[in-house]
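K.L.:
Fold the following and give me the result.
(chains A and B)
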Amino acid sequence: MNPSIANKPGVNSLLKDIAYTSVLSLITGVLAALGFAMLVMITSAPAQAELQPGDKTAVDQLPRMSIDQVQQGSLLLKLASGGVSVDAPLLHTDVSMRVSGMVNRVQVTQQFHNPGDEWVEGTYVFPLPENSAVDHLKMRIGERIIEGEIKEKGEAKKIYNQAKREGKRASLLSQQRPNIFTTAVANIGPGEKVEVIIEYQQVLHYDVGRFSLRFPMVVAPRYIPGRVIEQEEVTAFSGNGWAQNTDQVPDAAEITPPVVDPTEPKVNPVTMEIRLDAGFPLAHIESRFHPVTIENHTDGYHLIRLEPGVPADRDFELIWTPQIDQMPKGALFNEQWQGDDYSLLMIMPPATDQISPITQPREVIFVVDTSGSMHGTSLAQAKSALSMALSRLKPNERFNVIQFNSNTHALFGQAVPASPKNLRKARGYVNLLEADGGTEMLSALRRALTGEQDESVLRQVVFLTDGSVGNEEKLFSTIQQRLGSSRLFTVGIGSAPNSFFMTRAANFGRGSFTYIGDVAEVKQKMSELFSKLESPVLTDIQVAWPEGAEVEMWPARIPDLYLGEPVVLAAKLPKGGTSVEITGRINGQQWQQQVKLAGGAKHEGVRVIWARRKIADLMDRKAQGEPESEIRPAVLAVALKHHLVSRYTSLVAVDKTPVRPVEENLQTKPLPTNLPQGWSAKKVFGSMPQTATPAPLHLLLGLFSLLGSLLLGWSKKVLGKRTDHSIPVKSAMEA
Amino acid sequence: MSKLATWGRWSLILVLTLSAGWNLGQGLYIEAKARLAQLLLQQAWDETRQGVEKARPWAWADTWPVARLRQPRLDVDQIVLAGASGRTLAFGPGYLFGSAAPGSDGHSIISGHRDTHFGFLKDLQLGDRLEVTNSAGEVIQYAVYQREVMHENSLERLQVDDARLTLITCYPFDVIQPGTDQRYVVTARPVLM
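P.N.:
Residues are numbered from 1 along each chain as shown, chains lettered A, B, ... in the order given. This next block holds a predicted model:
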């Protein structure tokens, strides 16, 4: 026979086989899909019908405005903190900084743009560095500039509210915390833009041979402990926050701006330019978390620009280090104002390498925040920092690990020796940490600080947290009362830690603070912290002014200094150069240094820094329990004299002519802020527990797979029979 | 001849069988864990009743029994655990730390898995009794008076301070997909008997 014909049946059977298999698979697939869909439909329907008419069904979950109720064309943002924001003013922030030596002068321009067709009042809650001395407010409308004036807080609010009612453009800048401020801008017309320009001055942070400049960009959602108290009246300043005022945080609504849902695009873009004149040749400049361009100029300064398109959702940090032989030993800035000399002085204590290391036994207590705000990258940083810290402990040292969220839990009943077994246990404990729940920091502080006075043991408490709480002052007074002979070291974790809490808690705790903004930073920052913990402290620092000189120095008492930290003080003294002697004790040895207060650089704004430090010292005394009736007048006097925003003073700017027609209403709209980078909205604003398991899905998929596999097996049998048939045919033809 | 087709068919059968085995295993494991754990918890609960604080049902457990929840009509008898993390809920219903301890006179919130322990919530009728025994052996009777569906974020609606028992599970019931942002919330108030 012709071989080509003989081959045909073979090809035919192959084609048939493929066809049968395909058809069967198709049928199986379709049946499976149909079955799946039917099951879903059948089973979900009765469950929904289950609710009886008598039951309260909650179909409409948002008591506030829902998306469907809003007109087309509005600018809508879903809020993670609840509800929807409609046509809130858009904000663009431009920051311009001039750094000279250790002083930074900053201008922050906030441009409010009203995209809607109503007249609005915009309120924006934003952060500034905790040591910023805010002394200027300007409002710019088109070409016109209106200067702001400093007033007592209540009076400023009254002036602003009156202008607001009269339809005049006005803006008010008030302080909620040393690092949380609010601008309110009244009577922004439809489609209009109003610019608010804020200026402040700050002293930069110098530690372990490195200058750092932190500029916070977003107020992270704060945990508000305590019982809710009744609101007296709802005004623009009390009804905007997502939190209700409580007995522990009576101004909660003012520090909790609405937060945009993370599924929405980011809001509040920022542009920034820094002119850095360090005063010495630099070895290194780096922006830690943001892309920047750096221009080096021949006459010694550097221009640093933030790349465009940065949203305000995490702290900006710029660090620079001097060349090794150019490390500053000290710096002096002077200003003459109204017949007085003001000086800002920085002195580096001598290197400690000749001084014998500490001999006291050490006890290190690690306290880690595992509240919902720490979820994600923050907890990863904390865990990595903790495991590194554990590996630094020596066998003769004692330690414990305490975690807190809504509750406090300690790994060991009391501190135990750092034996391999205990360390293993601690590592296991740290690895299993999960972040969820509230930030009840008070109970954790009480657990860690016992108030014991025992100088024979060096007890160091290392506190890892983002500090996202609203009851800072209460916490400070607890630290103050229960510190005993312990020392408290704060480690600020995450993209937007509460710098006010970190620095002041460390100050009250006679320790130091460290920031970790990224997992990559953990190693360096923790080893720096451990060098501090393991080195002797410079204590009893005294500044001896010449006999008879009337000097007002802030801080009034110089805090103890750890390895790498300088003495920084601001003083007001009678005219004329003078010299001071600074003394201290380090591990039993005496240290002293003579400083001439002449020949320092003339620098405008030293007096403002002096005044700001005085206010900080006074506010600390309030947290330590001095009555507000004594503190308030003292703060008012210095703040009004030096034009500074404080707890008791605000800046207010009012335009003369009314612009809003009387028949038009004014809508108050709080500006939403971003959720800090790396945060989980669900963990912060809470949700009910996840209570669905994938069990039914698995069971169903399993059953269908089984069915499919059986069907295919069966089809193989059928096909097999057919193939058997085809062979005899083929042989018959061949025969 | 049809080697390719045979090979394809066999591998398809193999894949489907493996998938069937894995999925059934996973599904049954969740169910088995939920049932078995309740047996193991019984002993820890007995210890708790004898005054042991935080009696851990097994050495590595990060939770402990706090109460016993019963519903006679539906023959429900479960040990309630401390906390409502995913790990805890696999073994039994868990009480939310922020709320009052079950069996106290505050507002206790207990949540449980829709597919295992708290599947019975869908059969609860208005007026049904719920019985909570606390570690001291005191029994509080509650009666169901409200059933609602809420969004998972509407926590503010649970912030009520009077004496009540709130049971939460995922909603809708009897669906396949595990992810849902709705919750079925049953509220019960204490009754004398």
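K.L.:
Could you list the buried residues of the helix or strand of chain B with the lowest mean pLDDT?
P.N.:
The weakest-scoring helix or strand in chain B, judged by mean pLDDT, DSSP states H and E, is helix B:86-89 (a mean of 79). For helix B:86-89, a neighbour-count test (16 or more other CB atoms under 10 Å in any protein chain shown) marks B:Thr88, B:Leu89 as buried. For every residue, glycine as well, the C-beta is placed using N, CA and C.
K.L.:
Packing partners of the strand ranked longest in chain B?
P.N.:
Across chain B, the strand with the greatest residue count (assigned by DSSP state E) is strand B:139-151. If you count contacts as 3 or more CB pairs under 8 Å, 6 or more residues apart in numbering or on different chains; DSSP states H and E, strand B:139-151 packs onto strand B:129-134, strand B:164-171, strand B:182-191.
K.L.:
Looking at it now, give me its mean pLDDT.
P.N.:
Strand B:139-151 carries an average pLDDT of 89.
K.L.:
Just the element for A:Gly438, please.
P.N.:
Per DSSP states H and E: A:Gly438 is located in neither a helix nor a strand.
K.L.:
Now do stretch A:94-109: everything it contacts.
P.N.:
Outside of stretch A:94-109, the residues within contact range by CB atoms under 8 Å, 6 or more residues apart in numbering or on different chains are A:93, A:111, A:128, A:132, A:195-204, A:206, A:211, A:213, A:215, A:270-279, A:331, A:333, A:344, A:346, A:568, A:601, A:603, A:605-606, A:609.
K.L.:
what ranges do the helices span in the stretch 251-400 of chain A?
P.N.:
Ranges of helices within the stretch 251-400 of chain A are A:377-392, based on DSSP state H, counting those that start in this stretch.
K.L.:
Low-confidence stretches in it?
P.N.:
Confidence mapping of the stretch 251-400 of chain A against pLDDT under 70 gives the ranges A:351-356.
K.L.:
Closest approach to chain B from it, which residue is it?
P.N.:
A:Asp261 (10.3 Å; CB to the nearest CB).
K.L.:
go on, the stretch 151-300 of chain A?
P.N.:
A:Val228 (8.4 Å).
K.L.:
Neighbours of residue 101, how many?
P.N.:
Using chain A here. A:Gly101 sits with 21 neighbouring residues when counted by other CB atoms under 10 Å in any protein chain shown.
K.L.:
was after chain B, sorry
P.N.:
With neighbours defined by other CB under 10 Å, the count for B:Ala101 comes to 16.
K.L.:
how about it, what does it touch?
P.N.:
Applying CB under 8 Å, 6+ apart, the residues near B:Ala101 are B:Val66, B:Ala67, B:Tyr95, B:Ser108, B:Asn134.
K.L.:
any idea of the pLDDT on it?
P.N.:
84.
K.L.:
Show me where chain B has its helices.
P.N.:
Using DSSP state H, the helices assigned to chain B run over residues B:3-49, B:86-89.
K.L.:
looking at these, which is closest to A:Met619?
P.N.:
For A:Met619, the closest of the helices of chain B is helix B:86-89, at 43.3 Å, according to CB to CB.
K.L.:
before we move on, back to that, let me have the helices of chain B in JSON lines, extended by distance to chain A.
P.N.:
Formatted as JSON lines, the helices of chain B follow (distance: least, CB to the nearest CB, whole Å):
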{"stretch": "helix B:3-49", "distance to chain A": "3"}
{"stretch": "helix B:86-89", "distance to chain A": "6"}
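K.L.:
Out of these, name the one with the poorest average pLDDT.
P.N.:
Least confidently modelled of those is helix B:86-89, at a mean of 79 by mean pLDDT.
K.L.:
quick one: contacts of that helix?
P.N.:
The contact list for helix B:86-89 (CB under 8 Å, 6+ apart) reads A:Pro689, A:Gln690, A:Thr691, B:Asp62, B:Thr63, B:Leu81, B:Ala82, B:Gly94, B:Ser111, B:Gly112, B:His113.
K.L.:
repeat that for 7 Å
P.N.:
A:Pro689, A:Gln690, A:Thr691, B:Asp62, B:Thr63, B:Leu81, B:Gly94, B:Ser111, B:Gly112, B:His113 (CB atoms under 7 Å, 6 or more residues apart in numbering or on different chains).
K.L.:
cool, stretch B:40-58 as well?
P.N.:
So stretch B:40-58 is contacted by B:Trp64, B:Pro65, B:Arg68, B:Ile79, B:Phe91, B:Gly92, B:Ser135, B:Gly137 (CB under 7 Å, 6+ apart).
K.L.:
Now which of these would you call buried?
P.N.:
Among the contacts of stretch B:40-58, those classed as buried by 16+ other CB under 10 Å are B:Trp64, B:Pro65, B:Arg68, B:Ile79, B:Phe91, B:Gly92, B:Ser135.
K.L.:
Which of those residues fall in strands?
P.N.:
B:Pro65, B:Arg68, B:Ile79.
K.L.:
Most neighbours out of the contacts of helix B:86-89, which is it?
P.N.:
With neighbours taken as other CB under 10 Å, the top of the contacts of helix B:86-89 is B:Leu81, carrying 30 neighbours.
K.L.:
Identify the residues contacting that residue.
P.N.:
Neighbour list for B:Leu81: B:Thr63, B:Trp64, B:Pro65, B:Val66, B:Thr88, B:Phe91, B:Gly92, B:Pro93, B:Gly94 [criterion: CB under 7 Å, 6+ apart].
K.L.:
Please list the outside residues in contact with stretch A:582-600.
P.N.:
Contacts of stretch A:582-600 (CB under 7 Å, 6+ apart): A:330, A:332-334, A:343, A:345, A:347, A:349-350, A:352, A:355-356, A:358, A:536, A:538-543, A:567, A:577-581.
K.L.:
Can you select the buried ones from those residues in PyMOL?
P.N.:
Burial among those is assessed by 16+ other CB under 10 Å; the matching PyMOL selection reads:
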select buried, chain A and resi 332+333+334+343+345+347+349+352+355+536+538+541+543+567+578+580
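K.L.:
Can I get the least confident helix or strand of chain B as CSV, trimmed to CA atoms?
P.N.:
The C-alpha coordinates for helix B:86-89 follow below in CSV (Å, rounded to 0.1, in the frame of the first residue of the first chain):
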residue,chain,number,x,y,z
GLY,B,86,-5.2,36.3,63.5
ARG,B,87,-3.2,33.8,65.4
THR,B,88,-5.6,33.7,68.3
LEU,B,89,-8.8,33.6,66.2
